[in-house]
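Novice: got a structure for you, letters missing:
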């Protein structure tokens, strides 16, 4: 028998089972699929499903395949020897005359041989199987181990997909849905995630009629941890602005939030500034790539570097403010490291200098056109696997 090929076939077959919110129902479908499609290869004709209940017993909750009909609801104590062994080893094969097996109980359950696997988080379920007569213990153990592996892989896939879906919902609800209309300024921003969920974040926060908050952040990692850190930054910034915290106090609070977080990354860079309608920008840079102001002459560049360390690692980190002035014709470019650290086929980075030259060459275009061109050029530079990429452009225009 080509065991590797059989494993692949079982995996691909189980992948076709649609995910459900009920682990028990998913396991029932898996059991039925195995008994129907792999009866000859695995020697499985049917079986039973046990679920851990509130009384710490495994209750018979379902049957599949050609399992003998019988009443459901029978409880099997957790300290029943076959149960103990399957929880300890993940799989077990026991005959009716083996020590610790209760023939009367097995008869009620409809089992002629205790062949089972543990499944689900913390062994929440046990699958007991009816095996074809004449199979050796070695053949049964092979089948059980293959089933155990594929079943748990399938259940993990459901769980991971659920986590990814939740992470997507979190991030989609947090990232700006529209560009703010702010007197005297043309503003645009966008994130291109490297994976389904990004560790990058940007935000526009209306603080008053005369002040707009600008934020861009980069947390290490992807997936649910990335979405959680984005949520922490999002909520922390809004909490701080609602309570009228000063920028330094805001950074200190966010640093404590990230430091205490258990599921989020401990390293988050953040640039946060508050832009007044007159062009004054008060900011703090917590370890983020330096945003730059390109002056109206298209040559002069000012890097916005004042601040402190990245958020998270050091609970008592201190920060300082910086100031800049955006006059008509000036442009602020905020970005994450996925922009400047994109690598081409020769492993050369796109780089800050190339970004500055690109922005300067197209500075007369709208903020949206500039931002989109930056993302396009960076993607063309390094089309392969890269980091998340975010760019925010703020142009000061005549009132």
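Specialist: Structure's in. What do you need? What you are looking at is a predicted structure, and each value in this text was computed from that prediction instead of being measured.
Novice: where exactly do the strands run in the stretch 101-250 of the chain?
Specialist: 114-119, 125-131, 185-192, 200-208, 211-219 (DSSP state E, counting those that start in this stretch).
Novice: closest to residue 177 out of these?
Specialist: The closest of those to residue 177 is strand 200-208. By C-beta to C-beta, the value is 10.3 Å. In short, each C-beta sits where N, CA and C put it, glycine included.
Novice: could you check the angle strand 211-219 makes with the closest one?
Specialist: Note on geometry: by axes from the mean of the first three to the mean of the last three C-alpha atoms, to 10 degrees, strand 200-208 and strand 211-219 are set 160 degrees apart in direction.
Novice: in strand 200-208, what's buried?
Specialist: For strand 200-208, the neighbour count (16 or more other C-beta atoms under 10 Å) marks 200-205 as buried.
Novice: swap in stretch 87-106?
Specialist: For stretch 87-106, by 16+ other C-beta under 10 Å, it's 87, 90-94, 101, 106.
Novice: so which pair among those is furthest apart in space?
Specialist: For the buried residues of stretch 87-106, with distances taken as C-beta to C-beta, the pair at the greatest spread is 90 and 106 (20.3 Å).
Novice: number of nearby residues for residue 285?
Specialist: Other residues lying near residue 285 total 25 when counted by other C-beta atoms under 10 Å.
Novice: which ones are touching it?
Specialist: Counting by C-beta atoms under 8 Å, 6 or more residues apart in numbering, residue 285 makes contact with 270-271, 291, 304-308, 322.
Novice: in strands only, show me those residues.
Specialist: Counted as lying in strands by DSSP state E, out of the contacts of residue 285, are 270-271, 307-308, 322.
Novice: that older thread, so for residue 338, which of the strands of the stretch 101-250 of the chain sits nearest?
Specialist: Between those, strand 200-208 lies closest to residue 338; by C-beta to C-beta that is 7.0 Å.
Novice: paired strands for the closest one, with orientation please.
Specialist: strand 211-219 (antiparallel) (DSSP bridges).
Novice: hmm, back to that, whichever of the contacts of residue 285 end up buried, select them in ChimeraX.
Specialist: To isolate the buried ones among the contacts of residue 285 in ChimeraX, judged by 16+ other C-beta under 10 Å, type:
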select :270,271,291,304,307,308,322
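Novice: now for the contacts of residue 285: which two are most distant?
Specialist: With distances taken as C-beta to C-beta, the most widely separated pair in the contacts of residue 285 is 291 and 308, at 15.3 Å.
Novice: now residue 146: closest residue in space that isn't a chain neighbour?
Specialist: Leaving aside its chain neighbours, residue 146 sits nearest to residue 7 (5.8 Å; criterion: C-beta to C-beta, 6 or more residues apart in numbering).
Novice: any idea how far that neighbour lies from residue 149?
Specialist: Distance of residue 7 to residue 149, given as C-beta to C-beta, to the nearest Å: 7 Å.
Novice: next: residue 231.
Specialist: Separation of residue 231 from residue 149 (C-beta to C-beta) stands at 34 Å.
Novice: over to residue 255?
Specialist: For residue 255, the distance to residue 149 - C-beta to C-beta - is 43 Å.
Novice: looking at the two, which has the bigger crowd around it?
Specialist: Neighbours per residue, other C-beta under 10 Å: of residue 255 and residue 149, the larger number sits with residue 255, 26 against 16.
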